[in-house]
Every structure is written in structure tokens, then in C-alpha cells.
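Undergrad: Just need the structure, nothing else, for what follows:
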Amino acid sequence: MASLEHQTFLVTGASRGIGKALSLRLAEEGATVVLVARASEALNETTKAVQNTSPNSYAVACDIGDFNAVAQAAESVLERSPAVHGLVHNAGDIHPIKPLMEANLEEWTRSMMVNLVGVQAFTQHLKSALMGGHRVRVTTISSGAALRPLPSWSAYCTAKAGLDMWTRCLAAEGASHQLSAVSIAPGIVDTGMQVAIRSANEEDFPLRQNFVGYKEDGQLADPDEVAAKLFPLVTEQTMNDSGQRFDVRDL
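TA: As a prediction, this is how the structure comes out:
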């Protein structure tokens, strides 16, 4: 695998789970990593771990669900990293887990922002760092929920389906700028999102017990192992790969 020295990769949702594992691996391969997540001790700890192998890496605290926060975060990135070579849109939010007709509209809208609209906003704000004539690879983290409706997941399913199409649009428009884009479904991974799913009210989410069973039966994938499978596509996706949707279980 080629060294990532002199390359900058930005990862959202970088404080834990797949985002954390990818950030650590990118640092080990020599990349400068920009870790984006909401301010937390977890973000601080992950950043320190990344900086142990990649001292130039840094964190930018940002709530992807807030337009102003996204704009400010992107400005901070551009001040320090005028060229970005890789972008991993990993941040996500499963809430609200409620039947479509009963979901709080503000929570439903926030889900759209975190899972889809914030992706567009962050990418657009970083235009000058992505469209500088250098090779750029963009990866979005998809879900099986993008392909089939699940009860009480209307916001998440809709946003992830939209994110898959957004990735294809970016791939089509980026082809003339040396920019590729792929989406990858990671499977059912043992992350904080799974905790939220298992904590849902069973009256609101009739499939809750299925997800409890996945955990009890050891069916949840380890984030580090998933990140290792994702890594070649994140860092070496070709222009021929661009616009495609992958499933980590097939990698």
C-alpha cells in the first residue's frame, strides 16, 4: 500500500467507532488526519492517540447538524489544510426512532441535516481544498437502510438513500476534477448507534428485539475490523470505482 505521507484526510464522526478506527489507521500510514466530531472527551482522547503517530493531525469540534457550526469548522480546516486529499463522511444519527406519523419534525429534520444535508454543506464549504487539481477520494458511509424501509427509521432510511445518490452525483461531477466518490455499507457494527437502537422503546420500534439478539448472539462486527476492510477503498479507490456502492461484507 502506498504511503499517505503529504496527504490530508478529513474524517467526520471521528471520535469513536469506525471513524476512530479509520483515523488511527490513516495516521499510521502517514496521513495528516483532520478529526471532526462534536466536542467531547472521546474526541480529545482519539486526537491524542492519532497525534502519537501523526503529530500534524488535529481536531475540529463540530456538530454536523448545525449549519453555522459546519461553516465555521470548514473555515478552520481551510486555514490549516489548503488541500484535502480524502474526505470520509462517517458521522450519522439514527434518531428519531419513531413511526413516521409520530416523529418530532425538528428531530426528523435534524436527522436529515446530520446524515445528508450536512454532508453537502461541509463538502461545498471545502470546495477550494478539494478542487485544486490534485487527486481526491471521497467516501460516504451508507447502510442497508438505504435500500429497504425499516419501521420507525423513516428519517435514517430516507437520508441514507439520499446519501447514496448524492455520492453518485458527486462522482459524476467530480470526474473532470480528479475527484472520485464511493459509498460503502459497513454492515451491523458494534458502535454507539447500536446502543441507541437497543435502547429504543419497543412500542415505537417493533424490531428492537432483533437488534438485542444481534448483540447477544455476537453478530455485531468489530469497528476495527470493519475499518480495516474499508481502508483500501478509502485510500486507493480508482476513478473506475467512482460512483459505485460497496458492501463491506463483499470486500
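
Undergrad: following the helix or strand where residue 137 lies, which helix or strand comes up?
TA: If you go by DSSP states H and E, residue 137 is part of strand 136-141. Going down the chain from strand 136-141, the next helix or strand is helix 154-174, by DSSP H and E.

Undergrad: strands paired with whatever helix or strand comes next after that next one, and their directions?
TA: Downstream of helix 154-174, the next assigned helix or strand under DSSP H and E is strand 179-185. Each strand paired with strand 179-185, and its direction, by DSSP bridges: strand 136-141 (parallel), strand 245-247 (parallel).

Undergrad: who's in contact with residue 238?
TA: Applying C-beta atoms under 8 Å, 6 or more residues apart in numbering to residue 238 gives the contacts residue 180. All C-beta spots, glycine's among them, are computed from the backbone N, C-alpha and C.

Undergrad: what separates the residue lying closest to residue 146 once chain neighbours are set aside from residue 30, distance-wise?
TA: Setting aside the residues directly before and after it, residue 146 is nearest to residue 160 in space (C-beta to C-beta, 6 or more residues apart in numbering), at 3.8 Å. Distance of residue 160 to residue 30, computed by C-beta to C-beta, to the nearest Å: 32 Å.

Undergrad: ditto for residue 174
TA: Applying C-beta to C-beta to residue 174 and residue 30 gives a distance of 24 Å.

Undergrad: Could you check which of these two is surrounded by more residues?
TA: Under the criterion of other C-beta atoms under 10 Å, the comparison of residue 174 against residue 30 puts residue 174 first, with 20 against 14.

Undergrad: picking that back up, return the most buried member of the strands paired with strand 179-185.
TA: strand 136-141 (a mean of 24; mean count of other C-beta atoms under 10 Å).

Undergrad: Okay, residue 199 and residue 117: tell me how far apart.
TA: Using C-beta to C-beta, one obtains 26 Å as the distance from residue 199 to residue 117.

Undergrad: just to revisit the earlier point, redo the strands paired with strand 179-185 as TSV? Include mean pLDDT.
TA: Output for these, formatted as TSV (pLDDT from 0 to 100):
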stretch	mean pLDDT
strand 136-141	98
strand 245-247	97
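
Undergrad: quick one: which of residue 199 and residue 117 has more around it?
TA: Neighbours per residue, other C-beta under 10 Å: of residue 199 and residue 117, the larger number sits with residue 117, 20 against 12.

Undergrad: quick check, the more buried one in a strand?
TA: No - counting by DSSP: H, G, I helix; E, B strand; the rest coil, one finds residue 117 to be helix, located in no strand.

Undergrad: What pLDDT is listed against the residue lying farthest from the centre of the chain?
TA: Distance from the C-alpha centroid of the chain peaks at residue 203, with 29.3 Å (C-alpha atoms, centre = their mean). Predicted confidence (pLDDT) at residue 203: the value is 92.

Undergrad: repeat for residue 1
TA: pLDDT for residue 1: 43.

Undergrad: now residue 251
TA: pLDDT, read off for residue 251, is 81.

Undergrad: Secondary structure element for the residue nearest to it when sequence neighbours are not counted, which one?
TA: Nearest residue to residue 251, sequence neighbours excluded (C-beta to C-beta, 6+ apart): residue 229, at 4.7 Å. Following DSSP H and E, one finds residue 229 within helix 223-236.

Undergrad: Show me what that helix is packed up against.
TA: Counting contacts by 3 or more C-beta pairs under 8 Å, 6 or more residues apart in numbering; DSSP states H and E, helix 223-236 is packed against helix 17-28, strand 86-89, strand 136-141, strand 179-185.

Undergrad: Mind putting those into a markdown table with distance to residue 59?
TA: Shown next, in a markdown table, are the helices and strands packed on helix 223-236 (distance: least, C-beta to C-beta, whole Å):
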| stretch | distance to residue 59 |
| --- | --- |
| helix 17-28 | 10 |
| strand 86-89 | 15 |
| strand 136-141 | 19 |
| strand 179-185 | 23 |
